[in-house]
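Enquirer: Dropping the sequence and predicted coords here.
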Amino acid sequence: MSKIYVIHENSAWVEPLQAAFQELDLPYEEWFLDEGKLDLSAPAPEGVFYNRMSASSHTRDHRFAPEYTAAVLSWLEAHGRRVVNNSRALQLEISKVAQYAALQNYGVKTPITIAAVGKQHIIEAARQMTGSFITKHNRAGKGLGVKLFHHIDALQSYVNSEQFEPSVDGITLIQQYIRAPQPFITRVEFVGGKFLYAVRVDTSLGFELCPADVCQIGDAFCPVGETAPEAPAPRFQIIEGFDSPIIQRYQRFIAENGIEIAGIEFIVDEIGEIYTYDVNTNTNYNSDAEDAAELYGMRAIARYLGQQLHDLNARRSSVHKSPDVT
């Protein structure tokens, strides 16, 4: 019997999806791909395969999970299996360089970024920046390598110290610091290639911007916050009636890059310019924000995957039907 297969390496992030599958009575199986073996001569099972592999897997001691997942996805795709967030989506998940290069092809503005390998090249890249800049890892996760610098001397001291954090793939990004007039960013969620909702994320308390309830302070990303608001407010708030031309550009981007489920993050600078800096293809959701808005991402994903499974089974049934003989 065909089923939904969920490819991942972090069980905590999958729990809300499990509940949604059970609520909709959908057959599913988890493939936890931190390690394993793959027989390339074996046939791939029938079903719908949802790739949720994360760029931050190495922070959970799953160093080669993305590489193993890439091999598994290649095998599945070679057998013509239905993969949601395919090999191209995985490539974009684990490389911000690949993300930025692709986004720019769709008229999506990204911060000025220089990729560097080697400490001296990191320093040289920073000298090309005008004003403040940040460092970040190309394969990101948990805010590793994300630091704000106002002067080259400070960067030089950091890079040559024991505190320097090399990127897991060896590529450090030097990036233009985007100063926002208010301490928040926006994350736009898509399921099945369609806009689901946008959420405003308060960055004043730090940069743990992972929306999942299980995320802890420290799971971060990009621009660096500076001031806290006077009164506390929900950190994640779904924006009612959000509409922007950026949605159409994002939809074109994901449709043509093998992405069906994603959260894309942007920041707006002091003159209203939008800068997109992150694409998350293993997107998570914040339950408090969703309860307040009565919108639920994991349920939407489960429904979408269930429909893909239904369509797959219908096609298989049609193919295997005996033709009428007259």
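Expert: It's in. Just so it is clear, the structure is predicted and the values come from calculations on it, not from any experiment.

Enquirer: ok, residues contacting the helix ranked longest in the chain?
Expert: Taking DSSP state H as the criterion, the chain has its longest helix at helix 297-320. Helix 297-320 has contacts (C-beta atoms under 8 Å, 6 or more residues apart in numbering) with 2-4, 16-17, 19-21, 23-24, 26-27, 46-48, 50, 82, 84, 189, 191-192, 196-197, 260-261, 283-285, 290. Using the backbone N, CA and C atoms, a C-beta is placed for each residue, glycine as well.

Enquirer: burial measure for residue 286, as a count.
Expert: Per other C-beta atoms under 10 Å, the neighbour tally for residue 286 reads 22.

Enquirer: Enumerate the positions of the longest helix of the chain that are buried.
Expert: 297-306, 308-309, 312 (16 or more other C-beta atoms under 10 Å).

Enquirer: which of those are the two that sit furthest away from each other?
Expert: Across the buried residues of helix 297-320, no pair lies farther apart than 297 and 312, at 22.5 Å, counting by C-beta to C-beta.

Enquirer: wait, residue 189 sits on residue 285?
Expert: Yes. Counting by C-beta atoms under 8 Å, residue 189 does reach residue 285; the two are 7.4 Å apart.

Enquirer: Let's verify residue 243: helix, strand, or coil?
Expert: Under DSSP: H, G, I helix; E, B strand; the rest coil, residue 243 falls in the coil class.

Enquirer: per-residue confidence for it?
Expert: Looking at residue 243, its pLDDT is 95.

Enquirer: need the strands for the stretch 151-300 of the chain, in chain order.
Expert: 172-176, 184-191, 194-202, 236-238, 261-268, 274-280 (DSSP state E, counting those that start in this stretch).

Enquirer: would TSV of these with distance to residue 58 be doable?
Expert: Shown next, in TSV, are those (distance: least, C-beta to C-beta, whole Å):
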stretch	distance to residue 58
strand 172-176	15
strand 184-191	23
strand 194-202	24
strand 236-238	26
strand 261-268	20
strand 274-280	16
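
Enquirer: what's the most buried one of the ones you listed?
Expert: Sort these by mean neighbour count, taking mean count of other C-beta atoms under 10 Å, and strand 172-176 sits at the top with a mean of 24.

Enquirer: what are the ranges of the helices in the stretch 101-250 of the chain?
Expert: Ranges of helices in the stretch 101-250 of the chain, per DSSP state H, counting those that start in this stretch, are 119-127, 152-159, 246-255.

Enquirer: gap between the spatially most central residue of the chain and residue 23?
Expert: Nearest to the geometric centre of the chain sits residue 280, at 1.0 Å (C-alpha atoms, centre = their mean). For residue 280, the distance to residue 23 equals 24 Å [C-beta to C-beta, to the nearest Å].

Enquirer: likewise residue 252?
Expert: Applying C-beta to C-beta to residue 252 and residue 23 gives a distance of 32 Å.

Enquirer: which of those two has more neighbours?
Expert: residue 252 (15 against 12).

Enquirer: residues contacting the more buried one?
Expert: Residue 252 touches residue 106, counting by C-beta under 8 Å, 6+ apart.

Enquirer: Check what pLDDT it gets.
Expert: The model's pLDDT for residue 252 equals 98.

Enquirer: go on, the one 4 residues further on?
Expert: Per-residue confidence at residue 256 stands at 98 (pLDDT).

Enquirer: so where's the stretch 151-300 of the chain shaky on pLDDT?
Expert: Along the stretch 151-300 of the chain, segments meeting pLDDT under 70 span 205-232.
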